[in-house]
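A.B. asks: The following comprises the amino acid sequence and a computationally predicted model.
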Amino acid sequence: MSGNGENAVVMRDVKKSFDGNDFILKGIDLKIPKGSLTAIIGFSGTGKSVMLKHLLGLYKPTSGTVEVLGTDLSTLNEDELTKLRQRFGVLFQSAALFDDMTVLENVCFPLIEHRRELKESQVLRIAEEKLQQVGLDPKHYKKLPSQISGGMQKRTGLARALALDPEILIYDEPTTGLDPILTEMVDNLILSTHKMREGNTTSIMVSHDLSAAFRIADHIAMLDSGRVLLFGTPEDFFNTDIELVKRFVNKGMKHQ
Amino acid sequence: MSSVGATHKAIVFVSWIGATVIDTVTKFVEQTGKLMIFFNESVRLIFAKPSRFGEVIKHMEFIGNQSVWIISLTGVFTGLALSFQIYLGFKMFNAVNMVGPVVALGITRELGPVLTGLIVAARAGGAMAARLGTMRVNEQIDALDVMGVNTKQYLISPRLLAAFICMPLLTAVFDFVAMIGSWFLCVKLVQLDEAVFWQKISDLIEVKHINEGLFKGAVFGLFFALICTYRGFNTTGGAKGVGDATNQGVVQSMVAIIILDYFLTNLIRVYYNLAGIS
């Protein structure tokens, strides 16, 4: 999938400190190829979520640059950033569905916001199409998020993230807190969604789930203490001499 | 030795007081500054595209329509209680015919907007802070952000506008039902002359007195909506954070309404003097 030479995300020496003293990110250098499925892994507290928020433009780096889809985020004002974000789709850990809207309304929402030229019937058709893609039974469309299971919420969240046909799909800890069966279902959903989009979408998954990362990702980046310890293919991770990576991989795979 | 120890303790105590005062003032100034920036952005966005007319109507229904019953209930009993107290006092001076206009002045200029503000701040303001706080901790606000939706324009501006529009209307409802309560007590319970009751009110009450209260109501609406949305929008932590935001939002709104009332009363006096209105 990857390898067209272009990068969807380029981070250069990104450092981040919230108080000016303690740095969460200590110089992240990372290039994520366009069309790839990249997993970002690492111990808790290594800065994965902070790094993700830099990609989304929610945080500004203390120093260094973040380029997304060829645009340096630091050069954008709030309106331009808002426009760029329309090219992202994000599946949050909690799915983050709007709890006063039905499943269908949740998926319609980004279309109503950003595709104002569409008629109501067209919006509904696209939303139903996306919900079908993620395999959600139509009988749940009119239900509120609180009336459906965690797995269905994830499917709805993914359908909403896909609504605008994003160029970058970000999964923030998509399987944390789910049982093994649901975890496998979500992993397969991520993989099938990525394949279905035939290289048009770059998928970035932040995860603790090592087996999933090795099974479905083209590339893996491991973070440690605010830096990228290793970036490579799953094979690179199994063949590495870096002791910390070996320990992390061995322990992680044993626990899965 | 003991005097050196006492001096040292005194210095430590004074330093502690100084540090606490500086810290409190710094935090107050910082919070006020942030609140003003938040207010400025949110008000500017009321007029930005895309239009959030539907959201404004939705929040008006919640803030306004759903508050009418509780405002009416408290209004009628406020009118009854206030009239009874004033009746008991004026009876001593044989001035019971003045109960109606005195109650009307007190209600339209002070109690109407203040009590409406306090009740709606507790009901709708608390709900605003809790709702936004929950959206924040459940990542729903982050989801809106990364979806390319301007969260202040979508979540804050419509609430501020709705509160600003609804509060004068609710104040008017409060004034009206409180006067019904006053009429019931004066005319039906203590048997004052009904014609005199209405005549005295129409002699003394002017439109400006009612407008004064409605203006205060609008300002109170803007303030409690601002404070509660600010607290909710900036919630940190989980369920505890939502509880704290709601608590702070409601308490600070109520205190702000009481303090603002005094300053608005003076401001209106200054305006009347400048405009030559007696």
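C.D. replies: Great, that's in hand.
A.B. asks: ok but residue B:170 is inside a helix, no?
C.D. replies: Yes - assessed by DSSP: H, G, I helix; E, B strand; the rest coil, residue B:170 belongs to a helix.
A.B. asks: Hmm, residue B:116 and it touching each other?
C.D. replies: Yes - using CB atoms under 8 Å, residue B:170 makes contact with residue B:116 at a distance of 5.0 Å. The way it works is simple: take the backbone N, C-alpha and C, and place the C-beta from them, glycine included.
A.B. asks: interface residues of the stretch 51-200 of chain B facing chain A?
C.D. replies: Counting by CB under 8 Å from any CB of the partner chain, the positions of the stretch 51-200 of chain B adjacent to chain A are B:138, B:139, B:140, B:142, B:143, B:145, B:146, B:147, B:148, B:149, B:150.
A.B. asks: Inside helices: which ones of those?
C.D. replies: Counting by DSSP state H, the part of these found in helices is B:140, B:142, B:143, B:145, B:146.
A.B. asks: would you list those in TSV and tack on neighbour count and pLDDT?
C.D. replies: Output for those, formatted as TSV (neighbours: other CB atoms under 10 Å in any protein chain shown; pLDDT from 0 to 100):
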residue	neighbour count	pLDDT
B:140	23	94
B:142	20	90
B:143	26	91
B:145	20	89
B:146	24	87
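A.B. asks: quick check, nearest of these to residue B:253?
C.D. replies: For residue B:253, the closest of those turns out to be residue B:140, at 23.2 Å, with distances computed as CB to CB.
A.B. asks: Please report how far the closest one lies from residue A:144.
C.D. replies: As judged by CB to CB, to the nearest Å, residue B:140 and residue A:144 stand 13 Å apart.
A.B. asks: which neighbours do those two share?
C.D. replies: residue A:99 (CB atoms under 8 Å, 6 or more residues apart in numbering or on different chains).
A.B. asks: Now do the same contact list for the residue most central in space within chain A.
C.D. replies: Of all residues in chain A, the one closest to the mean position by CA atoms, centre = their mean is residue A:170, 1.6 Å from it. Taking CB under 8 Å, 6+ apart as the contact definition, residue A:170 lies against A:52, A:55, A:56, A:88, A:89, A:90, A:91, A:203, A:204, A:205, A:206, B:146.
A.B. asks: Please repeat the previous calculation with a cut-off of 10 Å.
C.D. replies: For residue A:170, the contacting residues are A:9, A:40, A:52, A:55-56, A:88-92, A:161, A:202-206, B:146, by CB atoms under 10 Å, 6 or more residues apart in numbering or on different chains.
A.B. asks: Could I get the buried residue list for stretch A:28-48?
C.D. replies: Neighbour counts over stretch A:28-48 (16 or more other CB atoms under 10 Å in any protein chain shown) mark A:28, A:30-42, A:46-48 as buried.
A.B. asks: helix, strand or coil for the residue nearest to the centre of chain A?
C.D. replies: Assigned with three-state DSSP, residue A:170 falls in the strand class.
A.B. asks: Kindly report the same for residue A:177.
C.D. replies: Here residue A:177 takes the coil state, with states given by three-state DSSP.
A.B. asks: do the same with residue B:127
C.D. replies: For residue B:127, the reduced secondary structure class is helix; criterion used: three-state DSSP.
A.B. asks: And the pLDDT at it?
C.D. replies: The pLDDT attached to residue B:127 in the predicted structure is 97.
A.B. asks: ok so, going back, of residue B:170 and residue B:116, who's got more company?
C.D. replies: The residue with the greater number of neighbours, taking residue B:170 and residue B:116 and applying other CB atoms under 10 Å in any protein chain shown, is residue B:116; the counts read 32 against 29.
A.B. asks: Any stretches of the stretch 51-200 of chain B with poor pLDDT?
C.D. replies: Applying pLDDT under 70 to the predicted model, the stretch 51-200 of chain B contains no residue that meets it.
A.B. asks: got it, and the stretch 151-256 of chain A?
C.D. replies: Regions of the stretch 151-256 of chain A meeting the criterion pLDDT under 70 cover residues A:252-256.
A.B. asks: Can you pull the residues of the stretch 1-150 of chain A lying near chain B?
C.D. replies: Among all residues of the stretch 1-150 of chain A, those adjacent to chain B (criterion: CB under 10 Å from any CB of the partner chain) are A:53, A:55-58, A:78-79, A:81-100, A:106, A:109-110, A:112-114, A:116, A:145.
A.B. asks: In helices only, show me these.
C.D. replies: The members of the residues of the stretch 1-150 of chain A next to chain B that map onto helices under DSSP H are A:53, A:55, A:78-79, A:81-85, A:106, A:109-110, A:112-114.
A.B. asks: can you list the domain ranges for the chain.
C.D. replies: Looking at chain A here, since you left the chain open. Taking automatic domain parsing as the domain assignment, the ranges for chain A are A:1-87+A:166-256, A:96-165.
A.B. asks: was after chain B, sorry
C.D. replies: B:1-47, B:52-275.
A.B. asks: Among these, single out whichever gets nearest to residue A:137.
C.D. replies: Closest among these, once you apply CB to CB, is domain B:52-275, at 23.2 Å.
A.B. asks: quick one: that closest one to chain centroid distance?
C.D. replies: Between the mean C-alpha location of domain B:52-275 and the chain-wide mean there is a distance of 5 Å, by CA atoms, centre = their mean, to the nearest Å.
A.B. asks: start to end distance for it?
C.D. replies: One end of domain B:52-275 to the other measures 37 Å (CA to CA, to the nearest Å).
A.B. asks: Right, and chain A sits closest to which residue of the stretch 151-278 of chain B?
C.D. replies: Relative to chain A, the nearest point of the stretch 151-278 of chain B is residue B:154 (8.5 Å; CB to the nearest CB).
A.B. asks: My guess is that residue contacts residue B:51. True?
C.D. replies: No - if you go by CB atoms under 10 Å, residue B:154 and residue B:51 don't touch, sitting 11.3 Å apart.
A.B. asks: Of those two, which one has the most company?
C.D. replies: Looking at residue B:154 and residue B:51 with other CB under 10 Å, you find the greater number of neighbours at residue B:154, namely 17 against 12.
A.B. asks: which non-adjacent residue is nearest residue A:126?
C.D. replies: For residue A:126, the nearest residue in space outside its immediate sequence neighbours is residue A:111; the separation is 5.9 Å by CB to CB, 6 or more residues apart in numbering or on different chains.
A.B. asks: longest helix in the chain, by residue count?
C.D. replies: Because you didn't say which chain, this covers chain A. If you go by DSSP H, chain A has its longest helix at helix A:180-196.
A.B. asks: wrong chain, I was asking about chain B
C.D. replies: Using DSSP H to assign secondary structure, the helix with the most residues in chain B is helix B:2-46.
A.B. asks: Next secondary structure after that helix?
C.D. replies: Under the assignment DSSP states H and E, the closest C-terminal helix or strand after helix B:2-46 is helix B:53-63.
A.B. asks: Of all the residues in that next one, which ones are buried?
C.D. replies: Under the neighbour-count rule (16+ other CB under 10 Å), helix B:53-63 has B:55, B:56, B:59, B:60, B:62, B:63 buried.
A.B. asks: Next SSE downstream of it?
C.D. replies: Scanning onward from helix B:53-63 (DSSP H and E), the first element met is helix B:68-91.
A.B. asks: Show me which residues of that following helix are buried.
C.D. replies: By neighbour count with 16+ other CB under 10 Å, helix B:68-91 contains the buried residues B:71-72, B:74-76, B:78-80, B:82-84, B:86-87.
A.B. asks: Next: stretch A:208-215.
C.D. replies: Of all the residues in stretch A:208-215, those buried under the rule 16+ other CB under 10 Å are A:208, A:209, A:210, A:212, A:213, A:214.
A.B. asks: And stretch A:156-164, by the same measure?
C.D. replies: Within stretch A:156-164, the residues scored as buried using 16+ other CB under 10 Å are A:156, A:157, A:158, A:159, A:160, A:161, A:162, A:163, A:164.
A.B. asks: With secondary structure and distance to residue B:15 as new columns, can the residues you listed be given to me in JSON lines?
C.D. replies: Formatted as JSON lines, the entries for those read as follows, by DSSP: H, G, I helix; E, B strand; the rest coil; distance: CB to CB, whole Å:
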{"residue": "A:156", "secondary structure": "helix", "distance to residue B:15": "57"}
{"residue": "A:157", "secondary structure": "helix", "distance to residue B:15": "53"}
{"residue": "A:158", "secondary structure": "helix", "distance to residue B:15": "57"}
{"residue": "A:159", "secondary structure": "helix", "distance to residue B:15": "60"}
{"residue": "A:160", "secondary structure": "helix", "distance to residue B:15": "55"}
{"residue": "A:161", "secondary structure": "helix", "distance to residue B:15": "55"}
{"residue": "A:162", "secondary structure": "helix", "distance to residue B:15": "60"}
{"residue": "A:163", "secondary structure": "coil", "distance to residue B:15": "59"}
{"residue": "A:164", "secondary structure": "coil", "distance to residue B:15": "58"}
